[in-house]
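Q: Here is the input, now give the coordinates:
(one chain, ligands or ions: 1)
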Amino acid sequence: MALLHISLHSPSPLSFQRSSTTIPALIFSRHSSAKLHQRSIKLAAAAALPSESAIADFWRWLRERGALTQPPPPVRPAVVPEGLGLVAERDMLRNEVVVEVPKKLWINTNTVAASEIGPVTLGLKPWVAIALFLLREKAMGAASLWRPYLDILPPETDSPIFWSEEELSQMRGTQLLNTTFGVKEYVQNEFTKVEDEVILPNKHLFQKTINSADFLWAFGILRSRAFSRLRGDKLVLIPLADLINHNSSITSEDTCWEIKGKGLFSRELIFSLRTPASVNTGEQKSNAELALDYGFIESNNKSRELYTMTLEISESDPFYGDKLDIAESNGLGETAYFDIVLDRPLPPLMLPYLRLVALGGADAFLLESLFRNTVWGHLDLPVSRANEETICRVIQDSCTSALSYYQTTVEEDEKLMERGGLDPRSEIAIGIRSGEKKVLLQIDEVFRARESELDTLEYYQERRLKDLGLSGEQGEIIFWESK
Ligand SMILES: C[S@@+](CC[C@H](N)C(=O)[O-])C[C@H]1O[C@@H](n2cnc3c(N)ncnc32)[C@H](O)[C@@H]1O
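A: Got it, this is the predicted structure:
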């Protein structure tokens with residue numbers, strides 16, 4: 001029998017790198033600030049909030065640098081339940097320009113290149129160069145032109161990259177825990193490299209020590225505040241615009257675009273924002289991605305509950321080469337990742353890929369080159385009882401095994417959530433682990449149901465006989481017997 005390789009618990013820095021780049025909906029808050037302040041103390045307990053005077057300094061700094069128009073903008077920074085936010089002081093008109101943030105206040109690779117460390121950061125990954133810039137400016141204290149902005153940045157978010165071991169232990173068994181370790185390892189490796197190649201050889205530029213925790217902070221700041229459509233080479237931090245918090249009630253993807261390259265921020269709809277970014281349609285982030293990037297989740301949004309199933313054609317499979325060839329001709333590879341979302345059908349390519357991986361024995365003839373152009377079409381439908389049974393059994397076994405790694409059941413998690421009083425990190429951990437388990441139980445159920453239908457499915461040979469006119473509608477073989 002062919003080997004079916006399924007990895008449900010692989011550390012997945014890969015899935016971190018693959019993460020979708022949807023810009024989350026952004027919102028201006030419009031609340032009474034006195035009430036907000038009280039609520040925020042409880043809700044944003046993890047983060048040390050900037051003082052009133054730090055916020056006032058930041059506002060002054062923006063004004064002095066031409067970011068604030070006359071008359072003053074109808075928004076101001078204030079403490080809100082999500083930490084710091086932009087509070088609207090009146091209703092705003094559709095398409096009204098709210099604030100302008102001139103490009104000279106953007107922090108991107110051009111800013112770094114024009115700074116003292118510019119020459120030594122050439123060739124670095126954009127985020128690494130910007131991280132070094134932020135850390136160096138931070139270390140310069142009052143001597144930095146960026147100090148009022150740096151002073152309002154949070155010391156950490158609730159992203160699991162900042163959690164203690166004890167906090168992380170609440171996510172035991174989850175894919176997000178593996179991803180978190182993968183991300184931390186990636187950032188640590190980048191730090192070691194940049195420390196050896198840039199920081200230590202240029203001590204005159206980096207007089208204060210920068211350690212790996214500082215570097216992780218800068219990574220977390222960029223991940224949570226840089227506009228997600230502006231990543232890679234376009235990575236940019238935009239002071240003030242980055243105070244806008246996410247709101248799940250805004251689902252429009254098109255909340256941002258560049259207006260004549262000027263970096264204007266204006267209103268499209270009530271409480272939505274135009275940003276200086278181009279518009280692309282993007283996929284929605286999962287709760288794991290929200291947690292990792294921003295340090296919050298939407299526990300009541302089923303479409304954010306996701307489990308990534310990793311399937312693989314094993315090198316030890318006797319048909320490895322043929323299977324790989326077929327997978328590659330159909331846009332897949334030796335390893336394929338399938339994101340399975342709660343209450344949604346399985347990704348369309350998952351069953352054909354599973355059937356391919358499990359193909360063997362009497363079905364192996366489909367791998368012959370004669371079938372190369374048509375095999376994928378055959379894999380779209382059940383191939384044989386043995387093949388379909390294998391995938392049902394292996395997937396159910398994998399789900400059972402994955403579920404055994406979690407410390408709690410969905411019911412136990414739900415009770416904890418109902419009881420309330422959880423700190424934000426426990427809420428994330430419980431939401432993530434219960435979401436993953438729900439998807440695993442759903443996958444298990446899909447394949448259990450399929451297994452119970454194995455006798456009623458139509459397989460390749462029957463379809464073939466029908467095509468040749470040798471089989472009737474009920475599957476009976478048609479004979480041409482002489483009368
Ligand atoms: C773009 S920044 C917004 C400004 C940020 N609140 C601050 O204090 O500087 C994104 C960060 O704000 C917080 N945040 C934004 N929207 C949130 C939400 N809906 N729920 C919880 N936290 C949120 C998270 O810490 C996230 O990493």
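
Q: Quick check: phi and psi at the residue in the stretch 51-200 of the chain that the ligand sits nearest to.
A: Closest to the ligand within the stretch 51-200 of the chain is G83: 2.7 Å, counting by CB to the nearest ligand atom. All C-beta atoms are positioned from the backbone trio N, CA, C, and that covers glycine. Torsion angles at G83 (phi, psi; degrees, to the nearest 10) stand at phi 110, psi -120.

Q: Thought P155 was touching it, still the case?
A: No. Using CB atoms under 8 Å, G83 makes no contact with P155, being 11.0 Å away.

Q: quick one: which of those two has more around it?
A: Shown here are G83 and P155; by other CB atoms under 10 Å, G83 has more neighbours (22 against 11).

Q: Distance check, L124 against G331.
A: 33 Å (CB to CB, to the nearest Å).

Q: Compare neighbour counts for the two and give me the winner.
A: L124 (20 against 9).

Q: So which bits of the protein are right by the ligand?
A: Taking CB under 6 Å from any ligand atom, the part of the chain that reaches the ligand is made up of 82-85, 154, 157, 224-225, 242-243, 245-246, 294-296.

Q: Which of those residues fall within strands?
A: Among the residues of the chain next to the ligand, the ones falling in strands (DSSP state E) are 83-85, 245-246.

Q: And the strands in the protein?
A: Shown for the chain, the strands assigned by DSSP E span residues 5-7, 26-27, 75-80, 83-88, 97-100, 245-246, 264-266, 306-312, 335-341.

Q: Would you format the ones in strands among the residues of the chain next to the ligand as a markdown table with pLDDT included?
A: Listed next are those as a markdown table, based on pLDDT from 0 to 100:
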| residue | pLDDT |
| --- | --- |
| G83 | 91 |
| L84 | 92 |
| G85 | 87 |
| N245 | 81 |
| H246 | 77 |
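
Q: Next, T409: phi, psi?
A: Main-chain dihedrals, T409, degrees, to the nearest 10: phi -90, psi 170.

Q: How many residues are close by it?
A: For T409, the neighbour count with other CB under 10 Å is 14.

Q: How about E167?
A: For E167, the number of neighbouring residues by other CB under 10 Å comes to 17.

Q: got it, and S212?
A: When neighbours are counted by other CB under 10 Å, S212 registers 14.

Q: cool, and R372?
A: Neighbourhood size, R372 [other CB under 10 Å]: 14.

Q: From D325, how far off is it?
A: 8 Å.

Q: where among the strands of the chain is the average confidence lowest?
A: Out of these, strand 26-27 stands lowest, with a mean of 34 (criterion: mean pLDDT).

Q: Counting neighbours, what do you get for A364?
A: Neighbour count for A364, taken as other CB under 10 Å: 13.

Q: Looks like it contacts L356 (just checking).
A: No. Using CB under 8 Å, A364 is not in contact with L356; the gap is 11.4 Å.

Q: Would you format the strands of the chain as CSV with distance to V198 included?
A: Below are the strands of the chain laid out as CSV (distance: least, CB to CB, whole Å):
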stretch, distance to V198
strand 5-7, 36
strand 26-27, 33
strand 75-80, 33
strand 83-88, 31
strand 97-100, 34
strand 245-246, 33
strand 264-266, 34
strand 306-312, 34
strand 335-341, 33
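
Q: nearest to K208, of those?
A: Of all the strands of the chain, strand 83-88 sits nearest to K208, with 25.6 Å by CB to CB.

Q: what's that closest one packed up against?
A: helix 33-43, strand 75-80, strand 245-246 (3 or more CB pairs under 8 Å, 6 or more residues apart in numbering; DSSP states H and E).

Q: so how far is the last one off the chain centroid?
A: Centre-to-centre, strand 245-246 and its host chain are 16 Å apart (CA atoms, centre = their mean, to the nearest Å).

Q: Give the pairing partners of that strand; include direction for each.
A: Using DSSP bridges, strand 245-246 pairs in its sheet with strand 26-27 (antiparallel).

Q: next one: the second one
A: The sheet places strand 75-80 alongside strand 83-88 (antiparallel), with pairing taken from DSSP bridges.

Q: how deep is the residue of the stretch 301-450 of the chain found nearest the ligand tucked in, by neighbour count?
A: In the stretch 301-450 of the chain, the residue that lies nearest the ligand is P424 (7.6 Å; CB to the nearest ligand atom). Counted with other CB under 10 Å, residues neighbouring P424 total 18.

Q: Helices of the stretch 51-200 of the chain, residue ranges please.
A: 52-64, 109-113, 118-121, 126-140, 147-150, 165-169, 175-194 (DSSP state H, counting those that start in this stretch).

Q: any chance of these in TSV, with mean pLDDT too?
A: Converted to TSV, these look like this (pLDDT from 0 to 100):
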stretch	mean pLDDT
helix 52-64	95
helix 109-113	96
helix 118-121	98
helix 126-140	97
helix 147-150	98
helix 165-169	98
helix 175-194	98
